[in-house]
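J.: fold the stuff below for me.
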Amino acid sequence: MPFITISRMYGSGGSEIADIAARLLGWTLYDNAIIDAIAERSGLARSEVSEQEERVPSLVERISGALALGTPEAMPPYPNGLATTTEEEIVAATKRVIDDAVQRGPAVIVGRGAQCLLAERSDALHVLCYGPTPALITYARDRRGIPAGEVEKKVRDMNRQREQYVRRHWNRHWLSPINYHLCLDTSWYGIDNAAAMIVDAARLKFGPA
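T.: Just a heads-up that it's a prediction; the model follows:
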């Protein structure tokens with residue numbers, strides 16, 4: 001079953017592009033709805049999943065989580081996966097949700113390391129939306145409403161967290177082009193044109209249906 005994964009630098013407009021591409025193709029979009037599904041699968045609150053997604057916890061948070069389970073990080077992990085941290089629960093639930101989404105039908109999946117989880121699939125089109133830092137800052141300020149005094153730090157922090165998330169869980173370099181079939185500088189092409197290029201690439205790969 002064909003699907004598209006869209007990884008996006010914060011400020012690139014990737015979620016907006018994914019929404020347009022999904023509508024043009026008539027495919028199901030999995031973006032914020034994934035958070036609800038992960039919360040249901042993991043038994044965690046939606047707010048907790050939202051705060052944790054695509055974010056690597058600090059050392060203090062990881063130690064605190066391990067101690068809460070009675071398993072200090074200095075000790076070996078429990079056998080057979082008997083004890084997990086919130087982060088691990090969310091990653092495991094994310095994998096189940098994404099696997100289910102792929103099985104249900106043509107889909108556009110945003111973020112959550114889907115390009116790594118599904119890297120070996122032949123029915124995938126993996127896309128990266130990126131842009132130079134000044135363009136990312138402008139988009140985040142104008143389209144996300146981030147205050148001018150905070151926007152540069154927000155952009156840098158979010159993209160650093162996404163890089164670390166992919167490296168921590170899949171030992172891959174998030175922005176490496178070898179992870180993707182199509183890399184788009186959205187500040188150059190624009191939101192609508194970037195979406196149209198993804199649709200064209202999908203139809204070229206999977207056919208017009």
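J.: helices and strands of the chain: which one bottoms out on pLDDT?
T.: Ranked by mean pLDDT, DSSP states H and E, the weakest helix or strand in the chain is helix 59-68, scoring a mean of 39.
J.: that helix: what's the following helix or strand?
T.: Following helix 59-68 in sequence order, the next helix or strand is helix 86-104 (DSSP states H and E).
J.: which positions in that following helix come out as buried?
T.: Residues 86-87, 89-91, 93-95, 97-98, 101-102 are the ones in helix 86-104 that count as buried (16 or more other CB atoms under 10 Å). C-betas here are computed from N, CA, C, even on glycine.
J.: return the member of those residues nearest to Arg156.
T.: Distance to Arg156 across the buried residues of helix 86-104 (CB to CB) is lowest for Glu87, with 21.8 Å.
J.: could I get the average pLDDT for stretch 3-17?
T.: The pLDDT scores in stretch 3-17 average 94.
J.: check stretch 131-143 too.
T.: Averaging pLDDT along stretch 131-143 gives 94.
J.: in it, which residues are buried?
T.: Result for stretch 131-143 [16+ other CB under 10 Å]: buried residues 131, 135-141.
J.: kindly report the same for stretch 156-164.
T.: Applying 16+ other CB under 10 Å to stretch 156-164 flags 158-159, 161-163 as buried.
J.: which ones among these map onto helices?
T.: Among the buried residues of stretch 156-164, the members found in helices (DSSP state H) are 158-159, 161-163.
J.: and the pLDDT at Ile98?
T.: 83.
J.: contacts only, for it.
T.: 30, 34, 109, 112, 114, 117-118 (CB atoms under 8 Å, 6 or more residues apart in numbering).
J.: taking the residues you listed together, which two end up most distant?
T.: The two members of these with the most space between them (CB to CB) are Ile34 and Leu118, at 13.5 Å.
J.: backbone dihedrals for Ile146, please?
T.: phi -80, psi 130 (degrees, to the nearest 10).
J.: related to what we said a few turns ago, between which two of the buried residues of helix 86-104 is the distance greatest?
T.: Spatial extent of the buried residues of helix 86-104 (CB to CB) is set by the pair Thr86 and Val102 at 24.8 Å.
J.: picking up where we left off before, show me which of Ile34 and Leu118 is the more surrounded one.
T.: Counted by other CB atoms under 10 Å, Ile34 and Leu118 do not tie: Ile34 has more neighbours, with 22 against 19.
J.: pLDDT wise, what is the more buried one at?
T.: Note on Ile34: pLDDT of 65.
J.: please consider this matter closed, and thank you.
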